[in-house]
Each structure stands twice: as structure tokens, then as C-alpha cells.
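> What follows is a predicted structure for the sequence shown.
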Amino acid sequence: MNGAEQPPRGLARVDARVKMALGFAMSIHVVLADSLPYLGLLALAGLAVYLYGRPTAFQLKLAAVSTALLAWGFMFSQGLFYGEYPRTVLLPLLPPNAVMPDGLNLYAEGVRYGLVQSLRMIAVTLTGYAICFTTQPDQFYRGLLAMRMPFSVAFMAVSAIRFIPVVAGEFATVRRAMAMKGYRPLRLGLRDTLATEVASLRPVLSGAIRRSEEVAISIVTRGFAVGRPRTALYEDRLAPAQWSALLGLFLTVAGAGACKLLFWLYVTELYYASPLRPLYHFTRVWL
């Protein structure tokens, strides 16, 4: 069957509702977690989800570059501007002077704090990449409707998603045209560069407005109305394995939230139970 459409594989087979729940669960987990080991496990989980999505070579490079920049940026910036005590100088960059009495140093505690913050972002970023790369706009649309989201909101959200690659393509075309005409950033100074960059957005915005008007006229002339009852040709049903995945995501989020809540009550001396001491220890060390 040469030329036949390949069936979805990996994460692409999973219902959009499960993938959206996965993204929501990951975002809650990275907020609840504070320890380096647990955030490292979350980052590895995000990487596993990303690899399960069967990324292309370009998508692998994109993930590698973006996560490396995230980690380096957070660790270097927090290492420079870490203001808590105690702090250990990891690398002196500038000696003490009149402007900076302590000099400019890279602090070990700041690097560690930046690593913790970067792991939060990496876990969410990799999970978001996996969801976006393996979910078509119509799957998002059906998933939002199945979650009882108002049709008008789901329609506008999916329409905006479909516009993103079109606008990105127009922006790339404008940039190529500017390069062919000899434009080089900062060659004529910062002021002219900023003016040119702002001017380059006008054709992109004009094209987006024109296309949105064409889409609006098209759907109105076809008798489209938001308030009318609608039916679906196919009804998406969750398989038992996907229901189990949703239950597992809910239990992990609820469990982590309950641990953090009980530990907070213990620290603030509002509630303490001696049988919960193993849970307090687990939360202190791992969460």
C-alpha cells in the first residue's frame, strides 16, 4: 500500500483529553515540587513523554537547544545574582571595586537554585512540545468539545492554532525579502534597526487581519451559527487504558498536593499526627 497514510504511532494515538490532562498534571507537579531529585525525575518523565511522541530529527534538535539554553540561562543568571546567605564563591569573575564591593562572582548556591528552576521549565517544555507535535488542531477541537467546553470558545481556540504556522510562514517570507534587499540588523544603528523591525511586522499583521476577515465571511456565507445545536460524525470515546491513565494522573497530583498540605500544616503547627512522620520525612526530602 504505497502512499497510504500511516496510522498514528506513539503519543499521537493518545486522546487529546489525556494529553491535555498530562500537561496540566505536569504543570501542577513542578509547582508543588521543590527538591532537586524530584524535579530531576519530572524532567526525565517529560523527556520520556517527548521521546514517546516519536520526534523527528529537527524536533530533537529543537528540544536539545531550547532545554540547554533554559538550563544555562537559569543557572548562570541565578549564580550571578544570588542574594541569599550562606553562599560560596564558585568562580570569581571581577575583583571587588567601587561599584561592586563584593566583586562579581558565580555562587554555587545560585547555580543549584538555577538548576532547580530550569528543571521545572524543562519538564513542562518537553511535555508541551510532545503534546503540540503529536496533536492535530482537529484533535484539540474534538477534545475540547468532549470536555464540554463551549463551542464558540473551542472554535476560536482551534482557529487561532491553525493561524500560527501561517503567520510564522509569512513572517519568514518577510525576513527573507528584507535579507535579499540588503537588510542587516544593527548595521545602521539600534534606532534604525528597531524602526525596521517594527515596520516588518506591518505586512504580517495586515495579512493576518485580511485572512481573518476572509475566514469570517466564508463561515457566515455557509450558514454558520454558534448558537445552533451541532452534531459530530464521530464520537471520541476513551479506551479503558486511557481512563486508567487519567485516573493515575489525578491520583499522582492529588497525592502530591495532599503531602504538601499535610507537611505545611505540620510546619505551621496547625496539625500534627505522629503516624504521619514517615510522610513528613518523605515530603521534606523528596518534595
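Perfect, I can see it now. Residues are numbered from 1 along each chain as shown.
> list the helices and strands the helix or strand residue 22 falls within packs on?
Secondary structure assignment for residue 22, by DSSP states H and E: helix 16-32. Here helix 16-32 touches helix 36-52, helix 108-134, helix 137-146, helix 240-267, going by 3 or more C-beta pairs under 8 Å, 6 or more residues apart in numbering; DSSP states H and E. All C-beta spots, glycine's among them, are computed from the backbone N, C-alpha and C.
> can you give me phi and psi for residue 83?
Main-chain torsions, residue 83, degrees, to the nearest 10: phi -110, psi 0.
> ugh, wrong one, residue 89
phi -70, psi 120.
> Dig out what it forms beta bridges with.
Under the criterion DSSP bridges, residue 89 forms beta bridges with residue 107.
> OK, contacts around it?
105-108 (C-beta atoms under 8 Å, 6 or more residues apart in numbering).
> that older thread, any idea of the angle the helix holding residue 22 forms with helix 36-52?
Angle, helix 16-32 to helix 36-52, by axes from the mean of the first three to the mean of the last three C-alpha atoms, to 10 degrees: 160 degrees.
> How far off centre is helix 16-32?
10 Å (C-alpha atoms, centre = their mean, to the nearest Å).
> Among the contacts of residue 89, the buried ones, what's the PyMOL command?
Selecting only the buried entries of the contacts of residue 89 in PyMOL, with 16 or more other C-beta atoms under 10 Å as the criterion:
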select buried, resi 105+106+107
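> related to what we said a few turns ago, output the helices and strands packed on helix 16-32 as CSV; include the columns distance to residue 162 and mean pLDDT.
Compiled in CSV, those are given as follows (distance: least, C-beta to C-beta, whole Å; pLDDT from 0 to 100):
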stretch, distance to residue 162, mean pLDDT
helix 36-52, 23, 91
helix 108-134, 13, 89
helix 137-146, 5, 78
helix 240-267, 25, 90
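> How is the protein divided into domains?
As given by automatic domain parsing, the domain ranges for the chain are 10-135, 137-225, 255-287.
> Could you tell me the least trusted of those domains?
Least confident of the domains of the chain, judged by mean pLDDT, is domain 137-225 with a mean of 77.
> could you say what helices and strands the host helix or strand of residue 64 packs with?
If you go by DSSP H and E, residue 64 is part of helix 57-81. For helix 57-81, the packing partners by 3+ C-beta pairs under 8 Å, 6+ apart come out as strand 104-107, helix 108-134.
> Let me know which of the ones you listed is tucked in deepest.
Most buried of the helices and strands packed on helix 57-81 by mean neighbour count (mean count of other C-beta atoms under 10 Å) is helix 108-134; its value is a mean of 21.
> what about the nearest residue to residue 283 once chain neighbours are set aside, how many residues close to it?
Take residue 283 and drop its neighbours on the chain: the residue closest to it by C-beta to C-beta, 6 or more residues apart in numbering is residue 263, 4.1 Å away. Residues within reach of residue 263, counting by other C-beta atoms under 10 Å, total 18.
> And residue 241, by the same measure?
As a burial measure, residue 241 scores 10 neighbours (other C-beta under 10 Å).
> any idea how far residue 13 is from it?
Taking C-beta to C-beta, to the nearest Å as the measure, residue 241 falls 10 Å from residue 13.
> Residue 41 too?
From residue 41 to residue 13 the distance is 25 Å (C-beta to C-beta).
> Who has more neighbours out of these two?
Higher neighbour count among residue 41 and residue 13: residue 41, with 16 against 11, using other C-beta under 10 Å.
> quick one on the thing from earlier: list every C-alpha atom in the helix holding residue 22, with coordinates, as CSV.
Extracted in CSV, the C-alpha atoms of helix 16-32 (Å, rounded to 0.1, in the frame of the first residue of the first chain):
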residue,chain,number,x,y,z
ALA,A,16,-6.2,14.8,23.2
ARG,A,17,-8.0,14.9,26.5
VAL,A,18,-5.5,12.6,28.1
LYS,A,19,-2.6,14.7,26.7
MET,A,20,-4.1,17.9,28.0
ALA,A,21,-4.6,16.3,31.4
LEU,A,22,-0.9,15.2,31.2
GLY,A,23,0.2,18.7,30.5
PHE,A,24,-2.0,20.0,33.4
ALA,A,25,-0.6,17.4,35.8
MET,A,26,3.0,18.2,34.9
SER,A,27,2.4,21.9,35.4
ILE,A,28,0.9,21.2,38.9
HIS,A,29,3.7,18.8,39.9
VAL,A,30,6.5,21.3,39.0
VAL,A,31,4.8,23.9,41.2
LEU,A,32,4.5,21.6,44.1
